[in-house]
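Participant: Quick one: sequence plus predicted model below, questions after.
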Amino acid sequence: MGQKEFITSEGLRRDGRRAKELRRINCQVGVLQDADGSAMFEMGNTQVLASVFGPREVESRADIKQDRAIVKCEYAMANFSTGERRRRGKADRRSTELSKVIRNTLEQTICVELLPRSQIDACVQVLQADGGTRCACINAAALALADAGIPMKDMVSGCAAGHLQSTPLLDLNYTEDSG
């Protein structure tokens, strides 16, 4: 297999998976004692820790919604989560974008109308990144919501797909996604 070849002649990827095969998944809930709900989600070498606080009183009176809960989300990537050792600021554009994507996803699944004048905070921290971090964060946050007993319309989950060298792939790792 050459340097830029990602699929062998046998149809296997570099890590031994078939094109439509997921990486190993491991989930654990209730991992943080002081959070109302928490989860550790691992997908291959990607690891995400999520915590949920609430429903609770809204922090800022200006944010109160009389007919529903507000959902806040904070996404962070640990400095040691990748091979790169550059420091990321808390307000970098990627973190802000991912916080919004995760918040929007959670807002759609939480029964916010059942929790008026309250706030739910979700915090996700990427501990190790090897592709699929957005999906892993959504999965970890959804598990933490369930662990906290937050009423939801349904469980939500995420999985990425891509196209590499004319082959559709499910659950790309970092090397495949960068390929």
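Facilitator: Sure thing, it's come through. Numbering: from 1, shown residues only.
Participant: switch to C-alpha atoms for all contacts and neighbour counts from now on
Facilitator: Fine.
Participant: Just the buried positions in stretch 65-82, please.
Facilitator: Neighbour counts over stretch 65-82 (16 or more other Cα atoms under 10 Å) mark 65, 68-77, 79, 81-82 as buried.
Participant: quick one: secondary structure of the spatially most central residue of the chain?
Facilitator: Note on the chain: the residue nearest the mean C-alpha position is residue 137, at 0.8 Å, using Cα atoms, centre = their mean. Using DSSP: H, G, I helix; E, B strand; the rest coil, the structure places residue 137 in helix.
Participant: Next, the contact list for it, please.
Facilitator: 41, 48-50, 102, 124-126 (Cα atoms under 8 Å, 6 or more residues apart in numbering).
Participant: what about the strands in the chain?
Facilitator: 25-29, 37-43, 46-57, 70-77, 118-128, 161-164, 167-170 (DSSP state E).
Participant: Pretty sure residue 56 sits against residue 116.
Facilitator: No - applying Cα atoms under 8 Å, one finds residue 56 not in contact with residue 116, separated by 10.3 Å.
Participant: where are the low-confidence patches of the protein?
Facilitator: Counting by pLDDT under 70, the chain has low-confidence residues at 1-4, 83-91, 179.
Participant: do that again at 50, thanks
Facilitator: Scanning the chain with the threshold set as pLDDT under 50 gives 1-3.
Participant: related to what we said a few turns ago, could you dump the contacts of residue 137 into TSV and include distance to residue 32?
Facilitator: What follows is the contacts of residue 137, written out as TSV (distance: Cα to Cα, whole Å):
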residue	distance to residue 32
41	13
48	13
49	9
50	9
102	20
124	12
125	13
126	15
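Participant: What's the PyMOL syntax to select whichever of those residues are buried?
Facilitator: Of the contacts of residue 137, the buried ones can be selected in PyMOL as follows, counting by 16+ other Cα under 10 Å:
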select buried, resi 41+48+49+50+102+124+125+126
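Participant: Would you check which pair of the contacts of residue 137 lies furthest apart?
Facilitator: The span of those, defined through Cα to Cα, is set by 41 and 102 at 14.9 Å.
Participant: Can you tell me how far residue 38 is from residue 98?
Facilitator: 19 Å (Cα to Cα, to the nearest Å).
Participant: between these two, who's got more neighbours?
Facilitator: The neighbour comparison of residue 38 against residue 98 (other Cα atoms under 10 Å) goes to residue 38, with 30 against 19.
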